[in-house]
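Student: need a 3D model of the following:
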Amino acid sequence: MADNPGARTPRSDDHGSGGADGELRRALAVALVPQIDELTRRVVADIHAHSGTYASGAPVSRNDLWEICRDNLLRALEDFGGLPPSGGDFEYAARETGRRRAEQNVPLDTVLQAYRRGGRVMWQMMAEHLRATRVGRAGGTGGTGQGQDPVGVGVGVVAGDRDTELDMAGAVWETIDRYSLVMAESYRLTQLEMQGRQDTRRVALFEALLDGRGDDPAVAAAASAALGVPVHDRYVIVVAAQDPAAPPNPAPVLDDHGIWSFWRPRSGRYAGIVRLAAGESGVLLDLLRHRTGATAGVSPEFDRLAQAGRALRLAEQALRTLPAGSGEAAAFDDRLAEVLLVGRPEIAERIVTTQLGAVLDTAAERDALLSTLRVWLDSGCSAARAAELLYCHRNTVLNRIGRIAELTGRSAESGEARLGWALALRALPLRGADGEPAPTDDYVG
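Tutor: Numbers count the residues shown, from 1 in each chain. Predicted coordinates for the structure are as follows:
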């Protein structure tokens, strides 16, 4: 594209001003420039007749189409005929057309078709002029017009020569093709710029929701429009650790299963908002666990975008309960005890010490006792069901539970004892390898 006013893109069909083709092109341009308004009228009418988009008048009004067609046609004629540009850069109109139509979201194919219709009408008028001149010359001489000047430029060509008309038609289409390419390039660049602006706005509004500014109805409405989702619906916030073994963004996996989501890096994590249909909470957790490999915390469901900030904090708390790099995904509501414990590591450590400290000190029995206690509690304290799951005898389960009661000095029939043991089991993974409370910095989202 030309950078300076009046600059022309070099083209292979340029001929010296003394060439017959060059003189004929100049003469045709000189003849049609004064008729630019009639040419524009015919082009606009032709485009309207062949395009429902343009004929509708929205988003391109008739005045808009007229203005841009006239500018394109005038510059194309001047360029075609080698005339001095009347409005500066020959390609400006094509670039402006691409920019404007991209901003109006008119399909590129529709705009290119309009260029082709314009080129067709422009050539029709040129052909009409050539034939009218031929007839005039032939009538004035009483002959066939052989050797006469078809448009009064003193060039010895045959006015009715088919090859001459074909040469001129080819030159017209080369001009139209070049301008179409310039327009299309401008259209695509504008689309990229618009997409960049839209992405920036989308990210900024998503961040505003996560920062808790969705309580402002204007912010919530703008975020809804930018993200393309309703203000009121079923949503969760997911915070995923950027685990080296997991993909950087879970969106493609969710997209494959028809689940809409939007994600952004945030404080060393990926934060995403996920729109759920009824019953999809379990599907989401399953996909996060088994298809993404990401370690992720999931907030409770909420029904207004304005609640995204609070949901983010809950998802972060759920993530903090999971060991880094575990590839586990957990819903906040399924980790309530762990959330409470990880937020107060000194209390978690004290619960482990007072409730199961004596069991942990028995190195030889510890693993068997802890696994049996966990299954027994999860089985509703039924020795028979626990035995089935552990592939052992019911009496083995009872003996191990009795041993735990003996070591801890608590009754296995006590609801308080069972609660204490359950909390201690949940607090155990939050301890460091040396028995000290695990640092929570690795889990903070």
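Student: drop to CA atoms for contacts and neighbour counts, all remaining ones
Tutor: Noted.
Student: run a quick neighbour tally on Q124.
Tutor: Q124 has 14 neighbours, counted by other C-alpha atoms under 10 Å.
Student: so which bits of stretch 55-62 are buried?
Tutor: Neighbour counts over stretch 55-62 (16 or more other C-alpha atoms under 10 Å) mark A55, V60, R62 as buried.
Student: can you map out the strands along the protein?
Tutor: 232-241, 261-266, 269-275, 296-298, 302-304, 329-331 (DSSP state E).
Student: other SSEs contacting the second one?
Tutor: It refers to strand 261-266. Judged by 3 or more C-alpha pairs under 8 Å, 6 or more residues apart in numbering; DSSP states H and E, the packing partners of strand 261-266 are helix 251-256, strand 269-275.
Student: so which of the buried residues of stretch 55-62 sit within helices?
Tutor: Among the buried residues of stretch 55-62, DSSP state H puts A55, R62 in helices.
Student: what residue ranges in this structure score low on pLDDT?
Tutor: The model of the chain has pLDDT under 70 over residues 1-19, 135-161, 244-248, 432-445.
Student: regarding it, what is its longest helix?
Tutor: Counting residues, the longest helix found in the chain (DSSP H) is helix 162-210.
Student: quick one: that one to chain centroid distance?
Tutor: Centroid separation for helix 162-210 versus its chain: 19 Å, with C-alpha atoms, centre = their mean, to the nearest Å.
Student: also stretch 363-375?
Tutor: In terms of C-alpha atoms, centre = their mean, the centre of stretch 363-375 is set 50 Å apart from its chain centre.
Student: would you map the helices across the stretch 301-445 of the chain?
Tutor: Secondary structure of the stretch 301-445 of the chain, counting by DSSP state H, counting those that start in this stretch: helices at 308-320, 336-343, 345-360, 366-378, 383-390, 394-408, 415-427.
Student: possible to save the ones you listed as JSON lines with mean neighbour count and distance to A132?
Tutor: JSON lines is the format used below for these (neighbours: other C-alpha atoms under 10 Å; distance: least, C-alpha to C-alpha, whole Å):
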{"stretch": "helix 308-320", "mean neighbour count": "25", "distance to A132": "73"}
{"stretch": "helix 336-343", "mean neighbour count": "19", "distance to A132": "89"}
{"stretch": "helix 345-360", "mean neighbour count": "19", "distance to A132": "96"}
{"stretch": "helix 366-378", "mean neighbour count": "17", "distance to A132": "98"}
{"stretch": "helix 383-390", "mean neighbour count": "18", "distance to A132": "99"}
{"stretch": "helix 394-408", "mean neighbour count": "17", "distance to A132": "109"}
{"stretch": "helix 415-427", "mean neighbour count": "18", "distance to A132": "96"}
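Student: can you list those helices in a markdown table and add distance to V231?
Tutor: Below are the helices of the stretch 301-445 of the chain laid out as a markdown table (distance: least, C-alpha to C-alpha, whole Å):
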| stretch | distance to V231 |
| --- | --- |
| helix 308-320 | 11 |
| helix 336-343 | 28 |
| helix 345-360 | 38 |
| helix 366-378 | 40 |
| helix 383-390 | 46 |
| helix 394-408 | 52 |
| helix 415-427 | 37 |
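Student: between these, which one is closest to A329.
Tutor: Closest to A329 of the helices of the stretch 301-445 of the chain, according to C-alpha to C-alpha: helix 308-320, at 7.9 Å.
Student: would you mind writing the CA trace of the closest one as PDB?
Tutor: Provided in PDB are the C-alpha atoms of helix 308-320 (Å, rounded to 0.1, in the frame of the first residue of the first chain):
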ATOM      1  CA  ALA A 308     -18.000 -13.800  41.200                       C
ATOM      2  CA  GLY A 309     -15.600 -12.000  43.600                       C
ATOM      3  CA  ARG A 310     -16.900 -13.900  46.600                       C
ATOM      4  CA  ALA A 311     -16.900 -17.200  44.700                       C
ATOM      5  CA  LEU A 312     -13.200 -16.600  43.700                       C
ATOM      6  CA  ARG A 313     -12.200 -16.400  47.400                       C
ATOM      7  CA  LEU A 314     -14.000 -19.700  48.100                       C
ATOM      8  CA  ALA A 315     -12.400 -21.400  45.100                       C
ATOM      9  CA  GLU A 316      -9.000 -20.300  46.300                       C
ATOM     10  CA  GLN A 317      -9.700 -21.700  49.800                       C
ATOM     11  CA  ALA A 318     -10.700 -25.000  48.300                       C
ATOM     12  CA  LEU A 319      -7.500 -25.100  46.200                       C
ATOM     13  CA  ARG A 320      -5.400 -24.400  49.400                       C
END
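Student: now for that helix, which elements pack on it?
Tutor: helix 162-210, strand 232-241, strand 296-298, strand 329-331, helix 336-343.
Student: tell me which of these sits most buried.
Tutor: Mean neighbour count (mean count of other C-alpha atoms under 10 Å) peaks for strand 296-298 among those, with a mean of 32.
Student: and stretch 342-357, how far from the chain's centre?
Tutor: 46 Å.
Student: actually stretch 257-264, sorry about that
Tutor: For stretch 257-264, the distance to the chain centre is 11 Å (C-alpha atoms, centre = their mean).
Student: please work out which residues outside it touch it.
Tutor: With C-alpha atoms under 8 Å, 6 or more residues apart in numbering as the test, stretch 257-264 has contacts from 203, 227, 249, 251, 254-255, 270-276.
Student: re the thing from before, what's the closest of the helices of the stretch 301-445 of the chain to R26?
Tutor: Comparing the helices of the stretch 301-445 of the chain against R26 with C-alpha to C-alpha, the closest turns out to be helix 308-320 (66.2 Å).
Student: now that closest one and strand 232-241, what's the angle there?
Tutor: Going by axes from the mean of the first three to the mean of the last three C-alpha atoms, to 10 degrees, helix 308-320 is angled at 40 degrees with respect to strand 232-241.
Student: so I347 is in contact with E338, correct?
Tutor: No. Look at I347 against E338 with C-alpha atoms under 8 Å: they stay out of range, at 11.6 Å.
Student: just the buried ones among the contacts of stretch 257-264, please.
Tutor: With burial judged by 16+ other C-alpha under 10 Å, the buried subset of the contacts of stretch 257-264 is V203, L227, N249, A251, L254, Y270, A271, G272, I273, V274, R275, L276.
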